[in-house]
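1. Just the structure for this:
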Amino acid sequence: MTTAADPPNPAQALDRAFAAFQAGEFVAAEGLCRQIIALNPGAYDALYLLALAQTRLGQFDAALTTFDRVIDMRPDVAEAHINRGIVLQALDRHDAALAAYDRALALRPEIAAAHYRRGSALERLQLADKALASFERAVALRPDFAMAHFKCGNALLSLMRYDEAMAHYDRALAMLPDFAPIHSNRANTLQHLKRYDEALSGYERALALRPDFADALYNRGNALMDLNRFDDALDSYDRALAVRPNFAVALSNRGNALQRLGRLEDAMASYERALAIHPDYAEALCNRGTTLRRLNRHDEALASYAAAIAASPDHGEAHFGMATVLLLRGDFERGWKQYEWRWQAARLHNLRRTFRQPHWLGQDEITSKTILVYSEQGYGDTIQFCRYVPLLAERGVRVILQVREALKELMAGIAGAAQILSTDEPDSALPAFDMECPLVSLPLAFKTRLDTIPAAVPYLRAPPQRMADWDARLAPQRRPRIGLAWSGRTETLEESYRSIPLGALLPLLDIDATFVSLQKDVLPHDAPVLNKCSGLLHFADEIRDFADTAAIISHLDLVISIDTAVAHLAGALAKPVWVMLRSDPDWRWLLDRTDCPWYPSARLFRQDAGQPWESVIARVQTALRDFVQPFA
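-> Sure thing, here's the model as predicted:
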């Protein structure tokens, strides 16, 4: 019988230590191992178990020291190197951990767990391609290794190989259907694939398994933002922040939701909370700059964008935001240069095209050369900046103009274009050219300033046959004809930014004139109003493209439009156009003026800050009464 004074039996103590470890009683296991080691400092099994217990207790520095002793005693045990690597990763020493995993694999290259751990170290070192290779080796050795499939998916997601990521996530879910992070990251992949409704369902499944999953709540908010469900997105961000109050990225995106809802001061407060946590958070600084711009606090907006750039010099959105403020203020010299950063901005990054031919920005002599000039963004941008095509031709350049299909027929008559192509055609079908330039880069190439804007209008004309067709369709003119456009393309911006409810324009229809809708597409909530407007001609599907729209406008006396491509088209046709602008206008309309140097025939009606559209429409109505008076 053993008494308290008797030394412990080492074998029994080790068995008890293992039993305690397996039961999760790591303190007890540690104490028993220390007793054994006190009697026998070279007790390898006790040292190894001590290191494992210290790891589970979070005593990582002590565990590292113990593993070093273990490895000194037996350097050829691969598992010891793997566990030492795990401790090093817990200490954020990922390079050292990588070396430990490599030593383990040099001893036993067939251990799938070592490849998996090696991949995790490479993942933390932000070497996604190398991490992927390690995770793929793990699943090759162990096809049923669910977590390795999950990690393959994560690496492929970061490498933007979304379809491959989905396949690995699906394999992982088949084995681990109740593991919430797989559902969440798979949903992230669906979001990148723009399958937003499916992504939302994935986040819901993750949250059903783990309601307090802050990352899933945050990403669910992002999916709701993409679906233009801003109130719901705000609620999802708030739920994420209830779980993790210092979640800076959720605070920043919460500010974006508030901004989209028009709650600009609340958005500012959310960005400030994010910046209190992370003062150099470039994304929040950039988002704050955008909100300040919308509040017309332009000096502060520029300062916030500059701070974002200081924190992250290649932050494309911040440079792009700074460009919009500079251009809005008429500082074209700096603005056009900053605008070249648009390709690094997330919203335009996928629109960038690459060619082997040089990118021309005015720096080279181009006489006798052929240049490809192509549209890059919206219809309005193409209409506004195609004015530079004749100027290129005047320099002795052969211009190939490539535009979206809906503009191709209209552009056929522009002076100076040797060939008009559609952007629907593949690059392989392009004819030979010497250099290229996107349309919105031409103001920089021509060093355009406010007083040198090429504003000779008209520079576009409706095709003669379309003119004849619409002359026959429109009723004989007995009163002035007024064209109306009240909404833009809502797939690119939230409806509130580019539209006015048709119902708000109804007071204009009381004026003695013939009103013509220039809307090709009508929003669902406007359709019932339009159906009841017997005094508004609407041609719906009869408008095939912008050549038809140009022909209709050419038969009008005036166009009244919100900031849409229709406004640009009317200006390019030299048709009188009244543009109703938000209090925070797009940069091309500049500030505090009722005219537009880009379009001499334009008159601007600006919304007062904090005032509804009705106040703008009332001013338009008064002006319209004066306009139609001479026709009476």
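2. For the longest helix seen in the chain, list every residue counted as buried.
-> Longest helix of the chain, by residue count under DSSP state H: helix 613-628. Buried residues in helix 613-628, counting neighbours by 16 or more other Cβ atoms under 10 Å, are found at 613, 616-617, 620, 624, 627-628. For every residue, glycine as well, the C-beta is placed using N, CA and C.
3. Quick check, pLDDT for Asp451.
-> Turning to Asp451, the model gives it a pLDDT of 95.
4. Count the residues that sit near it.
-> Neighbour count for Asp451, taken as other Cβ atoms under 10 Å: 8.
5. Quick check: it vs Gly330, distance?
-> Applying Cβ to Cβ, to the nearest Å, the value for Asp451 to Gly330 is 10 Å.
6. sorry, back to before: same for the longest helix of the chain, what does it pack against?
-> Here helix 613-628 touches strand 558-562, strand 577-581, strand 602-606, going by 3 or more Cβ pairs under 8 Å, 6 or more residues apart in numbering; DSSP states H and E.
7. looking at the ones you listed, which is buried most?
-> Highest mean neighbour count of the helices and strands packed on helix 613-628: strand 558-562, a mean of 26 (counted as mean count of other Cβ atoms under 10 Å).
8. Strands along the stretch 301-450 of the chain, start to end?
-> Along the stretch 301-450 of the chain, counting by DSSP state E, counting those that start in this stretch, strands occupy 370-374, 398-403, 417-422, 435-438.
9. quick one: contacts for Thr514?
-> Counting by Cβ atoms under 8 Å, 6 or more residues apart in numbering, Thr514 makes contact with 475, 477-482, 537.
10. cool, and Val529?
-> Val529 makes contact with 501-503, 506 under the criterion Cβ under 8 Å, 6+ apart.
11. Which helix or strand lies directly C-terminal to the host helix or strand of it?
-> Secondary structure assigned from DSSP states H and E places Val529 in helix 527-532. Moving toward the C-terminus from helix 527-532, the next helix or strand (DSSP H and E) is strand 536-537.
12. So what touches that following strand?
-> With contacts defined as Cβ under 8 Å, 6+ apart, strand 536-537 is touched by 474-475, 484, 509, 514-517, 530.
13. In the contacts of Thr514, which residue is surrounded by the most others?
-> Within these, most neighbours by other Cβ under 10 Å means Ile482, with 23 neighbours.
14. so that one touches Ser517, yeah?
-> No. At 10.5 Å, Ile482 does not count as touching Ser517 under the criterion of Cβ atoms under 8 Å.
15. Count the neighbours of Asp144 for me.
-> There are 11 residues near Asp144, going by other Cβ under 10 Å.
16. Packing partners of the helix or strand Ala250 falls within?
-> According to DSSP H and E, Ala250 maps onto helix 248-260. Helix 248-260 is packed against helix 214-226, helix 230-243, helix 264-277, helix 282-294, with contacts defined by 3+ Cβ pairs under 8 Å, 6+ apart.
17. possible to save those helices as TSV with distance to Pro358?
-> Below are the helices and strands packed on helix 248-260 laid out as TSV (distance: least, Cβ to Cβ, whole Å):
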stretch	distance to Pro358
helix 214-226	36
helix 230-243	43
helix 264-277	40
helix 282-294	31
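18. Now render those helices as a markdown table, adding mean pLDDT, distance to Val325 and mean neighbour count.
-> Formatted as a markdown table, the helices and strands packed on helix 248-260 follow (pLDDT from 0 to 100; distance: least, Cβ to Cβ, whole Å; neighbours: other Cβ atoms under 10 Å):
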| stretch | mean pLDDT | distance to Val325 | mean neighbour count |
| --- | --- | --- | --- |
| helix 214-226 | 97 | 23 | 23 |
| helix 230-243 | 98 | 24 | 20 |
| helix 264-277 | 98 | 16 | 19 |
| helix 282-294 | 97 | 6 | 25 |
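19. can you tell which of those helices is closest to His525?
-> Nearest to His525, of all the helices and strands packed on helix 248-260, is helix 230-243, at 16.5 Å by Cβ to Cβ.
20. So which bits of stretch 252-266 are buried?
-> Across stretch 252-266, burial judged by 16+ other Cβ under 10 Å covers 252-261, 263-264, 266.
21. Between those residues, which sits nearest Lys447?
-> Of all those, Lys447 sits closest to Gln259, with 34.0 Å by Cβ to Cβ.
22. mind listing what the closest one touches?
-> Contact analysis of Gln259 by Cβ under 8 Å, 6+ apart lists 267, 287, 290-291, 294.
23. Do you know the pLDDT at it?
-> pLDDT at Gln259 comes out at 95.
24. What is the burial count for the residue nearest to Ala43 when sequence neighbours are not counted?
-> Excluding its sequence neighbours, the residue lying closest to Ala43 (Cβ to Cβ, 6 or more residues apart in numbering) is Ile36, at 5.1 Å. By the measure other Cβ under 10 Å, the count of residues near Ile36 is 24.
25. just for the protein, where's the confidence low?
-> Residues of the chain meeting the criterion pLDDT under 70: 1-8, 489-498, 632.
26. Return the set of buried residues in stretch 366-377.
-> Residues of stretch 366-377 classed as buried: 366, 369-377 (neighbour count, 16+ other Cβ under 10 Å).
27. okay but Gly396 is in contact with Ile371, surely?
-> No. Contact criterion Cβ under 8 Å: Gly396 and Ile371 do not qualify, at 11.0 Å.
28. Contacts for stretch 133-149, please.
-> Residues from elsewhere that reach stretch 133-149 (Cβ under 8 Å, 6+ apart): 110-113, 115-116, 118-119, 122, 151-152, 155, 168-169, 171-172, 175-176, 179.
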